[in-house]
Structures are given as structure tokens and as C-alpha cells.
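*Asks:* next come a sequence and a model predicted from it.
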2 protein chains.
Amino acid sequence: MPNRLSTQLGPWSSRPGPLYRRLADALRAAIDRGEIEAGARLPPERVLARQLAVSRTTVVQAYDVLRGDDWLESRQGSGTWVRRPPVSGGSLAEWAPPGAPVLMKRDSIVAGLTAREGTIDLTCACLPPLRGLVESSLEGSAAALAEATREHGYSVLGLASLRSAIARHLASRGLPTTEGQVLVTSGAQQAIALVGALFLRRNDVALVESPTFLGALDALGTTGASLTALPVGADGVRLDVLREAVRQRPARLIYLTPTFHNPTGGIVPEGARREIARLAADAHVPLVEDESLVDIPLDDEPVPPAIAALAPKAPVVSIGSMSKLCWGGLRIGWVRAPEPVVTRLASLKVAADLGSSMLSQVVAVHLLERADEVRRLRRAQIVAQRDAMAAELERRLPDWSWALPAGGLSMWARLPHGDASEFAQVAQRHGVSLLPGPSVSPDGGHPRHLRLVYVHEPAVIVEAVKRLAQAWEA
Amino acid sequence: MPNRLSTQLGPWSSRPGPLYRRLADALRAAIDRGEIEAGARLPPERVLARQLAVSRTTVVQAYDVLRGDDWLESRQGSGTWVRRPPVSGGSLAEWAPPGAPVLMKRDSIVAGLTAREGTIDLTCACLPPLRGLVESSLEGSAAALAEATREHGYSVLGLASLRSAIARHLASRGLPTTEGQVLVTSGAQQAIALVGALFLRRNDVALVESPTFLGALDALGTTGASLTALPVGADGVRLDVLREAVRQRPARLIYLTPTFHNPTGGIVPEGARREIARLAADAHVPLVEDESLVDIPLDDEPVPPAIAALAPKAPVVSIGSMSKLCWGGLRIGWVRAPEPVVTRLASLKVAADLGSSMLSQVVAVHLLERADEVRRLRRAQIVAQRDAMAAELERRLPDWSWALPAGGLSMWARLPHGDASEFAQVAQRHGVSLLPGPSVSPDGGHPRHLRLVYVHEPAVIVEAVKRLAQAWEA
């Protein structure tokens, strides 16, 4: 706890100005970032003084400054705690308290998901549905839609026929599932957000891969949990580090993308999957396996079974989505978990949105029936796109390094030198938006990496890489 | 702060057993309810002893018990704080920390929204769409859908054509709105949840009507804010109480349903609307006006303008929905707020679900074009249902009291004697599910009231009231 506060303050004493003022500024900044919450009690002056190796007077003066500005409140005999400063003037948007997210990462995704004229978007691992797929599935769902529109349209757990279609879909991947184990969500994004809201509280530790899916950082980050980075190798998450991390810190959640890791495309082999399940079970930590990309294999190697299938008794929550195979515009995903977990997640979904679009759910039932056909067509399409990107990168940017992914929608390229975040800015000016390594890493690492998605038609990919080569030259 | 802890402990000392054990039990219960959060620092022993008027030894022993059970942690010189007890055994569902919601209210709604064979559901103020409406709008949206399916389908702020259709819809209600002021949400439920997540933190005060919309209690409750009840009269929220409440406590949000109050149907008159806006502006408190029911007027009286229209400079966030007029199965609602607020809410929506169903959004554009026609047909349908319920109640339950609502989908009936929560249980056994007053009141009040929705065909309503009369006799 004392160490946590020192960490939250950062390297405060190395800044200029009188010591007590620097301490006050550092405390204010930590409160403003939401790292020290409103209502939190601060250590007594003499205790903090000892922890920070400063005089008691320095801490007393720092607390005084912050009390004067209404950031702290003290009462004789009961200590000093963080106030919410009263709102005064300013605009409505500024009235949101400290800790409310306007994170750069999220802003970049808001920006990335709203089209920019002329710019090729390589941030979003999402692509249009196969031509005519949604329309023909709508036609094929006419009877089901007529039935659905005879009802009020709310289904917190999900439309029964969709829940059983998802259960069958998972069974066909080798993961036997009952309808009761399925919660329909608005995409995998909501699935991650609900699971995070159930298991995580402020300052809890969650273990997540670095790099990982940006949306998971957003969703798990809003719980106020601290996200600890697990480095990733060619075979997905590094087992040695995971083993040590679980041993060292009482983590409350492990979030992994073991099948076609996002963004590297790596696959955790079967043996490692079994050990991960054992680690989670032994440490009593819920393990979230995000299989959003499982339907996008790009070669003929068989995909290892889901962790939940390998270790049916381990505390595993599986997440899936129709966004990659079919269409993100449906906003249909799912959680597969023990029934009591599904029930608790449903309570959270009631508060969040009362259920997902019935229109999308009806169409999703029909689409899942066509999953095999769609997977075949999708694969041909995406392999062509991946290969176009690989060929162009080899031709135009031979000094970048990357591995050809066996599945998924993105490549993880390493620059031979320079800073990826700066390069992303230059690329933006050359008409390509992309995510640099630090923005998809919970620890802000990977300063030399870029995440490149191959979701466009080959001609657009060729043009995008051409622009990247121009930006790289610049 | 000291007073808060005493309040959280409740009447602990009146229970049996040694004093230190009773104190330990009360502290544990408060932690378990999530009222004292993991990480919260407890007062030093001598301070708490003074606050509770017990000996220091009693507190020392109580803390000792809780430390032994891993509920508390102390370190020399830095005090005592609440630990998250380590997970040990049990099932995955039980691993969610204290404070995670499995609230009775939410459970009842989960139950209410999943059909029960043979039971008439009078809990959910939602009804099927007009026959053929969704199908014909889908047909009418074919071109827009073809266009939408050429894209990846994510739109955090909402489909541009829907945002401008909503802006036009609001302008036609007398509330001039730009596209930039509109955020599309997954129903009004998500709108309330996002606004709550932006402005409220744990232990903040939010002022809400009592009774109110159950979904608002769920959504605002998950923030950990404390919901303070504003009583409601025939003209909606009672102004005298609101005035006093805003003066007394630093509230962080006011949530109201001024137009066809849910569940009483009351309407706040124009003069009172102006004063509410002034109160919110003067106190710098965001005012949320939920207009989800504005499209369900049931008589010819003109509806007063939206508060946001009467006081354009007041800090007002308006919420609307297509669920009542068209279909809840679309899950399309909106927030209308200043642009910077919309941007911050969009950051939260990215983390929550990355955007709403594109299929629903495309259809919603078309449906909003037909709003006038739909409103006319809907009104005829709902007036007939309301009148059927009123006539049957008069005939079969003449000693219940209620007022005929001028709009909305529910009546608020008062039993002449007895307990509404008990009656709801009896009614359930007679094949009617309904919400008793306490479950829609933030303060658990209204023990004699029932919320009755008139969303079924008249024949079903007649049968429902017949069953209620049988239950009342029993």
C-alpha cells in the first residue's frame, strides 16, 4: 500500500520548485488521473514523510496546499482523504469527475472507426461482409423475423434459437456447450467488458498479453484494474512469465487470445494450453480465452482445441464473435461460461443495455448455419489480402521484419530503427492510419512495432504499403 | 466520513454476542455488500472507538478477527485497510468480488424479460411492433443496407444518416439539434448507463424520482453512487423537495422522466421545467431528462417542450428511444447533449460495445421517417389497451386507486390495505407477474403501490385483471 502510493506519484521529486509544491502537484495529478480515488484516505503526514524520505513539514505543507484547493479534506482524529472538488463553472463536459476516461487510446479508436476521407485505415481489424451475405440471410430469416416481431424484442440472455445455434457452433469446434452456458453479447467487445465488470475492481491486477487487442485494454481498463503485461513469443503468451506472474501477484483475471493472437497471429500449442488451464485452476484465477479470431485460419494446420475443451473443470470463460467471419455491423458475440457465471453476467447486461438487437440476433441464427460455407469463402479472400500485404512489404520495405500469420487479420511488423509512434504520425500525413506498438501494449511497450491489418482489397493494400514506403523514406 | 462508516455498519451493537464480534460481523457485512470497498482504509482503532463510543480494545479485537480471516490488512505505521479475500475453492461464479451485482431488482427483470409459460407479464413496459412495420421498413431500407454492408459496420457515434434523422426528429419536437449533439445508443438503457458512468463515481449522490424506471435504478446503481429519492406528485417530481435536495447535498446528477413519468404518467408543467433547469444550472449539476415515453401521448393536451429546449444553456442531457414507438428489439436509443459530452460518452461506448447494430440503425432511419404515421396508429392501439385496463380495474377492483395516465405505458395503482410485495407473490401464483412499488423506488418505498403496464391486447388485459382480482380475493 505505501509502495503503491509512491508508485502512483511517479518521479515527483526530480521536478523543479519547492519540495512541498512538487509533492502537492504529484498528488493532485494522481487524483486527477483517477489513480487515487475520491474518498480514498491518505497516509498520516508522518507516515507518508517516512515512505517518501522527506520531512514531515513537507508533507504537512503539501496537504495544506491541497486542502486549500479543495482536493483534500481532513478531520481531527480521522485523517485526510480525497475530496471530489465541487463543480464550479466550466462546461458540462468538464463536470465529469477525475477518472472518467478520455484516454488517448480510446480517442484513437473513435477516430479510427469514423472514416477519414482519402485515408486508408489500417487500425481496425474488421472488414465488410461477403457480398450479398447479410441480404440473403435476411431473406432466409423472414419466418424467424415474423415470429420475433410478434414479441417485445427484449432477451437479456439472448434469443433462444441463437443461444442454441452458438452452442452447436462451439460443439463443432470441439467444445461441447449447452444453451444455458451461452450469453449473447453485443460483440466480443461487450463480452470482455461484462466479464471485466464482474471479476475486476479498482486496483485489482489483471494479466494481459503485451501486445494485445486494443478493445480489451479499453474494456478491462475502465474497471480501474491494473493491467500487468505478459510478453508474447512466437507461440503466443510466454508461459515462463505467466507462471511467475501468477505466483507473484494475486491476479484476479487472465485475459488471453491463444488462437491467432491479436495482433501477432501466434497460436498457443496444445501442451501449453493445458498448463495455462492448470495455472489458472491452481491459483483460482478466472481465465478468459478470447476466440474472436478462431474462424479466420489461413493455412491447413489444424487449430488446437479451445482451452475450455482441454480443461473442462478449469475456471475458463470463452469469448467468441461473428464480427470477423460475418460482419461487425451485426454486433453479435458471446460468452461461454458455467451457467451461474452466465446468470451474473446477464445481471450486468440488464443494466448495460437490456439485451442485444433482435434483428441482428435473428439474422445471426441463419448466418451460423452457413458458417462452413462462409469460412471457406472468407479464407480465400483473406489469404489473398494477407499475401498481397506480405508481397508488397517484402518488395517495398525489405528491412522491416515480421512473420506471416497463420490466422487472424493483422501482422506485427518491427521497424529496423526509429520510433513507431512517430512513424504512425508520418504515415497519417501520407494517408495511412495505423496503430503503433505502445498503443496496443498494456505497458506502453513495443516502441518499434506496428500493427498492420490486411482487411482491404489487394489493390488498396498495395496502395497502403506504397504510402507506408513513402512515409518511411520521409 | 466518520458518520458514513457508522451508517454503513447499521444497528450493529443491538445484536447478540460479544461486542467485538458484533462489530467484526458488521464490518464484514458492509465490506461484503460493497459499501466499504477493497483498498479502503479504516480509521485507526482509537478513532473508530471514539466514533462508535466503545473501548479501544473492542475495535482492536474486531480488527484482529477480520485480519485473521483475511478481510483486513495492517502494516505498522500505515494503518488498516480492506483486503480482497483471496479466492479459495468454490465455483467460478462465486469468485466475483463483493459489490458485484446480483441484485434482486435485476434478477426480477432478468426473469421478467424471459417469458414464463402461461404467465401474463405486467412488468415490462414494452410491446411488439405494429404488424408488418419492421418488415416493410427493412424492405424500404434495401438501398441503405446495401450501402452499409459495403463497410465494416462499426460506428461508435452512430450511423451518420441516423444521427441526422434523430436530430430532425428532435427538432420536430421543438428541440433544435445538430448531428454532432447526437450519440446513438443501444436503447435508452445504454444511454442512462453511459451518462451515469461519465458523471458518477462510487458514493456520489444522484437524485432520482421515487418511483422511477427500474432500468435507471440498475444503470445508475452499478456506478456505486447513492441514489437519493425525490418524491413524485400528480405533476411529476416534487419541486419543493428537489429544491431542498439540491441545496442540502452536493448531488452529481439529477435523473428525471418529466414527460409521462414512469410509472405514474405524470407531466411536469412548463413553469416547473424552467425552474428545474435553473436549479440544475445554479447548482452545477447535470440534469438528465429521459424522454423515452414522449412519443406515447394518449390524449390531446399538447406536451410541454423538452427542458433542453426551454433552457438551452442549462446543463441538460436528453435521452430518447425508439423502443416504445417502434420496437425494443431494435435496441436503438440516443443521447442528445453538447458535443464535448457526446465525445466523452463515445469513449465509454467504445469500451462498452464499439457501437450499436448497424442493421438496426439502417432500419431506424427509415422508421423515423414514418414517425408521425406510426405515432397515430400506436396511440389508437395503446389508448384502447389503457382504457381496457381502466374499465376492468374499475369493475373488478373498485377499491384500488389510480389515475388515468395521459401518456406512457403504465398505471400506478394503490392498494387500499396490505403489502404490495406480498401481493405480487400471490399474483405470480395466479399467473400475473408485476412490479410492486418498493422495487421501482430508490428508497424501497411505496409498499402499497403496484406498477401495471397496459402493453397487451385488450383481451389479455381483461384476463390479467381477472387474475389480479382472484389474487386480491385470496
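*Replies:* Done, it's in.
*Asks:* nearest to chain B: which residue in the stretch 51-200 of chain A?
*Replies:* A:G153 (2.2 Å; Cβ to the nearest Cβ). Where C-beta positions appear, they are placed from N, C-alpha and C, glycine not excepted.
*Asks:* contacting residues for that residue?
*Replies:* A:G153 is in contact with A:M358, B:C126, B:P128, B:P129, B:S323, B:W327, B:G328, B:G329, B:L330, counting by Cβ atoms under 8 Å, 6 or more residues apart in numbering or on different chains.
*Asks:* cool, A:G329 as well?
*Replies:* A:P129, A:V134, B:A148, B:T149, B:E151, B:H152, B:G153, B:Y154, B:S357, B:M358, B:L359.
*Asks:* A:I319 belongs to a helix?
*Replies:* No. Per DSSP: H, G, I helix; E, B strand; the rest coil, A:I319 lies outside any helix segment and is strand.
*Asks:* returning to that earlier point: by pLDDT, rank the contacts of A:G153 and give me the bottom one.
*Replies:* Within the set of the contacts of A:G153, pLDDT is lowest for B:C126 (92).
*Asks:* quick one: secondary structure of it?
*Replies:* Per three-state DSSP, B:C126 ends up coil.
*Asks:* for the closest residue to it other than its chain neighbours, give me the pLDDT.
*Replies:* Leaving aside its sequence neighbours, B:C126 sits nearest to A:H152 (Cβ to Cβ, 6 or more residues apart in numbering or on different chains; 4.0 Å). At A:H152, the pLDDT value in this model is 93.
*Asks:* and A:H152, how many neighbours?
*Replies:* A:H152 sits with 22 neighbouring residues when counted by other Cβ atoms under 10 Å in any protein chain shown.
*Asks:* and A:A96, by the same measure?
*Replies:* Using other Cβ under 10 Å, A:A96 has 24 other residues around it.
*Asks:* turn the contacts of A:G329 into a markdown table, including secondary structure and distance to B:G236.
*Replies:* Formatted as a markdown table, the contacts of A:G329 follow (DSSP: H, G, I helix; E, B strand; the rest coil; distance: Cβ to Cβ, whole Å):
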| residue | secondary structure | distance to B:G236 |
| --- | --- | --- |
| A:P129 | coil | 46 |
| A:V134 | helix | 43 |
| B:A148 | helix | 40 |
| B:T149 | coil | 44 |
| B:E151 | coil | 43 |
| B:H152 | coil | 43 |
| B:G153 | coil | 40 |
| B:Y154 | coil | 39 |
| B:S357 | coil | 33 |
| B:M358 | helix | 36 |
| B:L359 | helix | 36 |
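*Asks:* which residue is nearest the middle of chain A?
*Replies:* A:A216 (1.2 Å; Cα atoms, centre = their mean).
*Asks:* host element of that one?
*Replies:* Of the helices and strands defined by DSSP states H and E, A:A216 is found in helix A:214-221.
*Asks:* next one: that helix to chain centre, how far?
*Replies:* 3 Å (Cα atoms, centre = their mean, to the nearest Å).
*Asks:* orientation of whichever helix or strand comes after that helix relative to helix A:214-221 in degrees?
*Replies:* Downstream of helix A:214-221, the first helix or strand assigned by DSSP H and E is strand A:226-233. Angle between the axes of strand A:226-233 and helix A:214-221 is 150 degrees (criterion: axes from the mean of the first three to the mean of the last three Cα atoms, to 10 degrees).
*Asks:* what pLDDT, on average, does strand A:226-233 get?
*Replies:* The average pLDDT for strand A:226-233 rounds to 95.
*Asks:* kindly report the same for stretch A:392-401.
*Replies:* For stretch A:392-401, mean pLDDT rounds to 98.
*Asks:* can you give me the end-to-end distance of it?
*Replies:* Chord length of stretch A:392-401, first to last residue, is 13 Å (Cα to Cα, to the nearest Å).
*Asks:* now the stretch 251-400 of chain A against chain B: closest residue?
*Replies:* A:G329 (2.2 Å).
*Asks:* distance of A:F423 from A:W400?
*Replies:* Going from A:F423 to A:W400 by Cβ to Cβ, to the nearest Å gives 11 Å.
*Asks:* ditto for A:G233
*Replies:* From A:G233 to A:W400 the distance is 19 Å (Cβ to Cβ).
*Asks:* which bits of the stretch 301-450 of chain A sit near chain B?
*Replies:* A:315, A:317, A:323, A:327-331, A:337-338, A:340-341, A:343-344, A:346-348, A:350-360, A:363 (Cβ under 8 Å from any Cβ of the partner chain).
*Asks:* try 6 Å this time
*Replies:* Within the stretch 301-450 of chain A, the residues that sit near chain B (Cβ under 6 Å from any Cβ of the partner chain) are A:315, A:327-329, A:331, A:338, A:340-341, A:344, A:346-347, A:350-354, A:357-360.
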